[in-house]
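Student: just the structure for this:
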Amino acid sequence: MPRTARPRCRAALAALSICVALGCGTGTVPPGSRPSPPPGAPAAAGRDVVTWASSAGHVGEAADDRGYRLMVHTSVGGSDLRVRLSNAFGDKPVTFGNVHAGLQRRGAALVPGSNKRLTFGGARSVTVPAGGIVYSDPLPGHVPAGRTLAVSLHVPRAGGALTGHWLAMQTSYTTHGDHTAEEDAAHWKRRTGSWFYLDAVTVRPRKGTGAVAALGDSITDGWQSTTGLNRRWPDYLARRLAASGTTIEGVANAGIAGNKVLLDGPGQSALNRMERDVLSLPGVRTVFLFQGVNDIKAEPGPTGAGLIAGYRELIDRAHAAGKCVVGATIAPYKGWQEWDPAGETVRRQVNAFIRDSGEFDAVADFDRVLRSPSDPERMRPAFDGGDHLHPNDEGMKAMADAVDPGSLDCRGG
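Tutor: Sure, this is the predicted structure:
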């Protein structure tokens, strides 16, 4: 069915002054070889499990002698914390002079005695080449589940493109100079709604514990949830898993606002970033795929067959890596400025594939949970964050509640 021509537009995410660019789709899987891990990517330790992650992109230009105190929320607890620092989108080397990790007390202030230095091959500093990533050495001690960590970085030398994650839905802090060892907030006055360089934190939990990585767009990224309260649907899912007794306890959020399955736009496409953002994360046993609305509402958008082909490639690659794959149906979005009947037809075709094809190991029916009983093309008003596309806190919780914890460990560990 041909798509109706309509203006291309952008949705302003005013609270963080971010625009979600809405590019064009073709309906075919892009040609070319699969992405390789970044140069110098280290092998993960055998029992490490990701407890927090974000997906990296190009977020501006780097600068020398900057400090970053980045607030991130753990999912699974464990010992031997490690952080992963990324220069994946950099075009010049970046040097980290000092890196510390501690527990947030309030704002930029830390719990006294919790802030510990991290090392890299025994050294305090490390230089990461353009396109590279690095893991820290394990930090002795226990990291609790469901707590906010403060990872403090000092970058004495950097330049060119800056790697980070723009839409954090979390307040972090920046400064000039090296104040990473300080536990008070005296030098950490500037606030930011983004994360820089840090893209994963791992721990060593009890034996047999694994993680799920949610590959998604702005809904997974948490837009329209309450900033700073960890109410994205993956956050609710992490709390649910902690109480469920399942062996899957780690949750990695691989959402990028505006992201597509088929084509690059805001961030690399799901096809192009899957290796780095999902499959390379330690302990991930399950890929949770909830993506496609940005492809559908682009102009021109893909056919149902074209988007399904992209899903099939993601499924095949995850299965080839030994991962389970859970598919989530695409939620209704009538009322959003780019909705049209042709796009709705594609959404229904893709959802029928997700529900009925049998190609996923399990299915979470977010469409059924979020749609209005009186108009199934629209989101329930009680779950609508206000723009008819992104759920509010209650909608995010309803999504997490719709996930069967047992389905996330479909191969029994």
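
Student: mind listing the helices for this structure?
Tutor: Read by DSSP state H, the chain holds these helices, from start to end of the chain: 218-221, 233-242, 270-274, 293-296, 304-320, 341-356, 366-370, 393-401.

Student: flag every buried residue along the fifth one.
Tutor: Of the residues in helix 304-320, those with enough neighbours to count as buried (16 or more other C-beta atoms under 10 Å) are 304, 306, 307, 308, 309, 310, 311, 313, 314, 315, 317, 318. C-betas here are computed from N, CA, C, even on glycine.

Student: wouldn't residue 160 be in contact with residue 87 here?
Tutor: No - the pair residue 160 / residue 87 is not scored as a contact, 9.5 Å apart, by C-beta atoms under 8 Å.

Student: which of the two has more neighbours?
Tutor: It is residue 87, of residue 160 and residue 87, that has more neighbours when counted by other C-beta atoms under 10 Å, with 29 against 16.

Student: show me the contacts for residue 57.
Tutor: Contact criterion C-beta atoms under 8 Å, 6 or more residues apart in numbering gives 89, 163, 164, 165, 166, 256, 266, 267, 268 as the residues in contact with residue 57.

Student: can you add pLDDT and distance to residue 72 and give those residues back as JSON lines?
Tutor: Putting the contacts of residue 57 into JSON lines (pLDDT from 0 to 100; distance: C-beta to C-beta, whole Å) gives the following:
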{"residue": "89", "pLDDT": "97", "distance to residue 72": "19"}
{"residue": "163", "pLDDT": "98", "distance to residue 72": "16"}
{"residue": "164", "pLDDT": "98", "distance to residue 72": "13"}
{"residue": "165", "pLDDT": "98", "distance to residue 72": "10"}
{"residue": "166", "pLDDT": "97", "distance to residue 72": "15"}
{"residue": "256", "pLDDT": "98", "distance to residue 72": "16"}
{"residue": "266", "pLDDT": "90", "distance to residue 72": "21"}
{"residue": "267", "pLDDT": "92", "distance to residue 72": "19"}
{"residue": "268", "pLDDT": "96", "distance to residue 72": "22"}
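
Student: now render the helices of the chain as a markdown table, adding distance to residue 54.
Tutor: Below are these laid out as a markdown table (distance: least, C-beta to C-beta, whole Å):
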| stretch | distance to residue 54 |
| --- | --- |
| helix 218-221 | 9 |
| helix 233-242 | 11 |
| helix 270-274 | 12 |
| helix 293-296 | 18 |
| helix 304-320 | 19 |
| helix 341-356 | 25 |
| helix 366-370 | 21 |
| helix 393-401 | 17 |
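
Student: switch those over to CSV; also include distance to residue 74 and mean pLDDT.
Tutor: Below are the helices of the chain laid out as CSV (distance: least, C-beta to C-beta, whole Å; pLDDT from 0 to 100):
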stretch, distance to residue 74, mean pLDDT
helix 218-221, 18, 98
helix 233-242, 8, 98
helix 270-274, 23, 98
helix 293-296, 29, 98
helix 304-320, 24, 98
helix 341-356, 30, 98
helix 366-370, 25, 98
helix 393-401, 17, 98
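
Student: looking at these, which is closest to residue 408?
Tutor: Closest to residue 408 of the helices of the chain is helix 233-242 (C-beta to C-beta; 7.5 Å).

Student: which neighbouring elements make contact with the closest one?
Tutor: Contact here means 3 or more C-beta pairs under 8 Å, 6 or more residues apart in numbering; DSSP states H and E; on that basis helix 233-242 packs against strand 210-216, helix 218-221, strand 248-255, helix 393-401.

Student: report the central residue of this structure.
Tutor: residue 254 (2.3 Å; C-alpha atoms, centre = their mean).

Student: and of the buried residues of helix 304-320, the nearest to residue 75?
Tutor: Checking the buried residues of helix 304-320 against residue 75 with C-beta to C-beta, the nearest one is residue 318 at 19.9 Å.

Student: got the contact list for that closest one?
Tutor: The neighbours of residue 318, taking C-beta under 8 Å, 6+ apart as the test, are 274, 278, 279, 287, 324, 325.

Student: show me the two of the residues you listed that sit farthest apart.
Tutor: Of all pairs drawn from the contacts of residue 318, the greatest distance, 14.5 Å, lies between 274 and 324 (C-beta to C-beta).

Student: burial count for the residue lying closest to residue 407 once chain neighbours are set aside?
Tutor: The shortest distance from residue 407 to any residue other than its chain neighbours is 3.5 Å, reached at residue 362 (C-beta to C-beta, 6 or more residues apart in numbering). By the other C-beta under 10 Å criterion, the neighbourhood of residue 362 contains 18 residues.

Student: so that it lines up with my notes, have the first residue be 51 from now on.
Tutor: Done: numbering now begins at 51, and the last item shifts to residue 412.

Student: right, and residue 412 touches residue 376 too?
Tutor: Yes - proximity of residue 412 to residue 376 meets the contact threshold set by C-beta under 8 Å, at 4.7 Å.

Student: if I look at these two, which residues touch both of them?
Tutor: 457, 458, 460.

Student: let's see if you can find the most crowded of those.
Tutor: Across these, neighbour numbers were computed from other C-beta under 10 Å; residue 458 holds the maximum, 26 neighbours.

Student: which residues in the stretch 51-200 of the chain form strands?
Tutor: Defined through DSSP state E, counting those that start in this stretch, the strands belonging to the stretch 51-200 of the chain, from first to last, are 61-63, 68-70, 99-103, 107-111, 116-123, 128-136, 144-146, 148-156, 159-160, 166-168, 176-178, 183-185, 189-193, 198-205.

Student: any idea how far the shortest one is from the middle of the chain?
Tutor: The offset between the C-alpha centroid of strand 159-160 and the centroid of the whole chain comes to 25 Å, using C-alpha atoms, centre = their mean, to the nearest Å.

Student: for the record, mean pLDDT for that strand?
Tutor: Confidence for strand 159-160, expressed as mean pLDDT, is 98.
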